[in-house]
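Q: Predicted model follows, preceded by the sequence.
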Amino acid sequence: QVQLVESGGGLVQAGGSLRLSCKASGPTISTCALGWFRQAPGKEREFVAAITRSGGNTDYADSVKGRFTISRDNAKNTVDLEMNSLKPEDTAVYYCAADGRYCRDLSPYYYGMSYRGKGTLVTVSS
């Protein structure tokens, strides 16, 4: 069973930065793709970013491109999300996610991944 534990959320002013981290445990085959999703109050959960095991393929939602960077450390089984130039509309609960069904193409994960953490709250004040 895959377990994902997020950390690093908090309150930040608009224009600021935060770094989220997620520790993954469980079968390696189930975590070839790691990613982040978010859900704002009253809104649907949405894809933020994903990365393949090698790190050679990453994908981002248009709303965060150029501001967020996803990275992973396979030795530590962690995936990070560096968030810069934060906006009030980035306020949401951010969830770490993992999946082992597709290890090269990240597009199948736009609508969700098999495993998800409990989330960490990011609040961006204006």
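A: Now that the structure is in, tell me what you want to look at.
Q: Could I get the full set of strands for this structure?
A: Applying DSSP state E to the chain gives strands spanning 3-7, 10-13, 18-25, 33-39, 46-52, 58-60, 68-73, 78-83, 92-99, 115-116, 120-125.
Q: Tell me who's in contact with the residue minimising distance to the centre of the chain.
A: Geometric centre of the chain, nearest residue: residue 36, 1.8 Å, by C-alpha atoms, centre = their mean. Shown in contact with residue 36 (C-beta atoms under 8 Å, 6 or more residues apart in numbering): 20, 22, 48-50, 70, 79, 81, 94-97. (C-beta placed from N, C-alpha, C; glycine too.)
Q: Going by distance to residue 58, which of those residues wins?
A: Among the contacts of residue 36, residue 70 lies closest to residue 58 (C-beta to C-beta), at 5.6 Å.
Q: how about the contacts of residue 36 in a markdown table, adding neighbour count?
A: Below are the contacts of residue 36 laid out as a markdown table (neighbours: other C-beta atoms under 10 Å):
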| residue | neighbour count |
| --- | --- |
| 20 | 24 |
| 22 | 25 |
| 48 | 24 |
| 49 | 24 |
| 50 | 26 |
| 70 | 21 |
| 79 | 29 |
| 81 | 25 |
| 94 | 23 |
| 95 | 22 |
| 96 | 28 |
| 97 | 26 |
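Q: Of those residues, which is the nearest to residue 105?
A: Comparing those against residue 105 with C-beta to C-beta places residue 50 closest, at 10.1 Å.
Q: pretty sure the closest one is touching residue 34, no?
A: Yes. Counting by C-beta atoms under 8 Å, residue 34 is a contact partner of residue 50 at 6.9 Å.
Q: coming back round to it: so which of the contacts of residue 36 would you say is closest to residue 63?
A: Closest approach to residue 63 among the contacts of residue 36 (C-beta to C-beta): residue 48, at 8.4 Å.
Q: Is it correct that residue 83 is in contact with residue 92?
A: No. The pair residue 83 and residue 92 does not pass the contact test of C-beta under 8 Å, sitting 10.9 Å apart.
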